[in-house]
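Visitor: after the sequence you'll find the predicted model.
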Amino acid sequence: MARVVRFHQHGGPEVLRIEHVDVPPPGPGEVQIRVKALGLNRAEALLRAGTYIERPTFPSGLGLEAAGVVAAVGPGVTAIAPGDAVSVVPPQSMVRWPAYGELVTFPAPLVVRHPRTLAWEEAAAVWMPYLTAYGALIDIAKLGPGDFVAVTAASSSVGLAAIQIANRVGATPIAITRTSAKAPALLTAGAAHVVATANVDLAARLQEITGPAGVRVVLDAIGGPIFHPLTAAMSRGGILIEYGGLSTEPTPFPLFDVLSKTLTLRGYLVHEITGDPARLEAAKAFIIDGLESGAFRPVIARTFAFDQIVDAHRFLESNEQFGKIVVAV
């Protein structure tokens with residue numbers, strides 16, 4: 001028996017329950033992990049609320065990220081062994097492979113031996129943010145030296161990972177946030193510039209920062225009216241990668257910016273990387289290299305106890321965090 005988090009109906013954080021369940025041994029090609037820490041993601045709140053791209057069958061587990069010690073491996077698994085310190089690449093389905101539990105099972109290709117210099121809480125905060133940012137900025141946009149990249153929702157775990165990745169490849173990261181309250185922390189985290197949309201004209205400020213070069217790459221989690229000022233500041237041939245939809249307002253199509261600058265507006269899911277073995281291996285190598293060198297370091301906003309999972313989800317939905325919310329198991 002092991003404790004897991006499940007929910008029996010859609011709703012707010014209060015529908016989450018900690019229950020005791022029998023956990024079967026790992027099957028062929030599977031790895032079972034005794035969890036030390038969990039990383040929380042907005043996708044989990046959306047699944048719980050019934051607004052995610054995946055639909056659960058009740059009672060449902062949830063969760064995309066975990067770190068811990070390998071408890072057992074199934075037949076055919078040779079690259080991972082019991083006792084290894086590992087963390088989990090987000091699966092295609094968190095309903096099929098839920099991470100919120102004391103004992104969890106994942107396909108072996110999604111289990112990674114991370115650098116031992118990482119604390120458990122840090123290891124649980126790696127793969128979703130860094131894979132998401134890597135896939136958008138490196139795999140798709142080919143970000144490199146001399147590029148300006150604008151990152152919205154910059155204080156999120158993905159935003160902070162994007163800032164670190166931009167610095168790693170010699171690009172200039174511009175952090176976009178709503179108010180100036182988080183500006184000092186964003187500068188400390190590596191942003192070259194911080195733009196608070198409540199205080200300045202976004203397009204004008206981006207154009208002032210970038211000059212004639214413009215913003216070649218935009219990584220946006222928001223959508224909505226921000227599209228117009230973002231595309232207005234982009235360079236000819238630039239690319240805007242949309243990976244979220246935090247705005248509750250309609251998202252306009254900036255027709256004349258797209259036409260006149262031959263822009264690319266592209267939707268993106270991290271599943272593009274995790275579902276392609278070759279691209280995933282390249283991503284793992286890039287991220288582990290950054291972790292080992294110290295160029296990448298997950299930023300932890302706050303750590304909750306496993307019994308506080310409801311409070312952790314409430315904090316997740318408060319939008320007050322700077323970095324990753326983690327649950328210690």
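Guide: Great, that's in hand.
Visitor: all helices of the chain, in order?
Guide: Here the chain has its helices, by DSSP state H, at 42-49, 120-123, 127-134, 157-168, 183-188, 202-210, 227-232, 255-261, 271-274, 277-293, 309-316.
Visitor: so how far is the longest one off the chain centroid?
Guide: In terms of C-alpha atoms, centre = their mean, to the nearest Å, the centre of helix 277-293 is set 15 Å apart from its chain centre.
Visitor: turn the helices of the chain into TSV, columns for mean neighbour count, mean pLDDT and distance to residue 151.
Guide: For the C-beta atoms, the positions are set from N, CA and C on the backbone; glycine is no exception. Formatted as TSV, the helices of the chain follow (neighbours: other C-beta atoms under 10 Å; pLDDT from 0 to 100; distance: least, C-beta to C-beta, whole Å):
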stretch	mean neighbour count	mean pLDDT	distance to residue 151
helix 42-49	20	94	16
helix 120-123	23	97	21
helix 127-134	27	97	9
helix 157-168	26	97	5
helix 183-188	16	96	9
helix 202-210	18	97	12
helix 227-232	21	96	11
helix 255-261	13	95	19
helix 271-274	19	94	18
helix 277-293	16	96	17
helix 309-316	19	97	20
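Visitor: redo those helices as CSV? Include distance to residue 83.
Guide: What follows is the helices of the chain, written out as CSV (distance: least, C-beta to C-beta, whole Å):
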stretch, distance to residue 83
helix 42-49, 28
helix 120-123, 15
helix 127-134, 21
helix 157-168, 28
helix 183-188, 37
helix 202-210, 49
helix 227-232, 48
helix 255-261, 53
helix 271-274, 25
helix 277-293, 20
helix 309-316, 27
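Visitor: out of the ones you listed, the one nearest residue 19 is which?
Guide: helix 309-316 (11.5 Å; C-beta to C-beta).
Visitor: angle of that closest one against helix 42-49?
Guide: 120 degrees (axes from the mean of the first three to the mean of the last three C-alpha atoms, to 10 degrees).
Visitor: could you chop the protein up by domain?
Guide: Listed domain ranges for the chain are 2-126+299-328, 128-271 (source: automatic domain parsing).
Visitor: quick check: which of the ones you listed is nearest to residue 284?
Guide: Taking C-beta to C-beta, domain 2-126+299-328 is the member of these nearest to residue 284, at 6.2 Å.
Visitor: let me know whether residue 177 touches residue 193 as I believe.
Guide: No. The pair residue 177 / residue 193 is not scored as a contact, 11.1 Å apart, by C-beta atoms under 8 Å.
Visitor: these two: which has the busier surroundings?
Guide: More neighbours surround residue 177 than the other of residue 177 and residue 193, with 24 against 19 (other C-beta atoms under 10 Å).
Visitor: residues in contact with the more buried one?
Guide: Contact analysis of residue 177 by C-beta atoms under 8 Å, 6 or more residues apart in numbering lists 153, 154, 155, 183, 186, 194, 195, 196, 197.
Visitor: most widely separated two among those?
Guide: Greatest spatial distance in those: 153 and 183, 14.3 Å, computed using C-beta to C-beta.
Visitor: got the confidence number for residue 319?
Guide: Note for residue 319: predicted pLDDT of 82.
Visitor: got it, and residue 57?
Guide: Residue-level pLDDT assigned to residue 57 equals 93.
Visitor: please tell me how far it sits from residue 95.
Guide: 7 Å (C-beta to C-beta, to the nearest Å).
Visitor: do the same with residue 18
Guide: Distance, residue 18 to residue 95, by C-beta to C-beta: 18 Å.
Visitor: burial count for the residue nearest to residue 237 when sequence neighbours are not counted?
Guide: Counting by C-beta to C-beta, 6 or more residues apart in numbering, residue 237 lies nearest to residue 262, which is 5.6 Å off, once chain neighbours are set aside. By other C-beta under 10 Å, 9 other residues sit near residue 262.
Visitor: pull up the gap between residue 262 and residue 234, please.
Guide: From residue 262 to residue 234 the distance is 10 Å (C-beta to C-beta).
Visitor: same check, this time on residue 175
Guide: Distance from residue 175 to residue 234, by C-beta to C-beta: 17 Å.
Visitor: one step back: can you add distance to residue 34 and give the contacts of residue 177 back as a markdown table?
Guide: Shown next, in a markdown table, are the contacts of residue 177 (distance: C-beta to C-beta, whole Å):
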| residue | distance to residue 34 |
| --- | --- |
| 153 | 33 |
| 154 | 35 |
| 155 | 32 |
| 183 | 40 |
| 186 | 36 |
| 194 | 40 |
| 195 | 44 |
| 196 | 43 |
| 197 | 44 |
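Visitor: no further questions, thank you.
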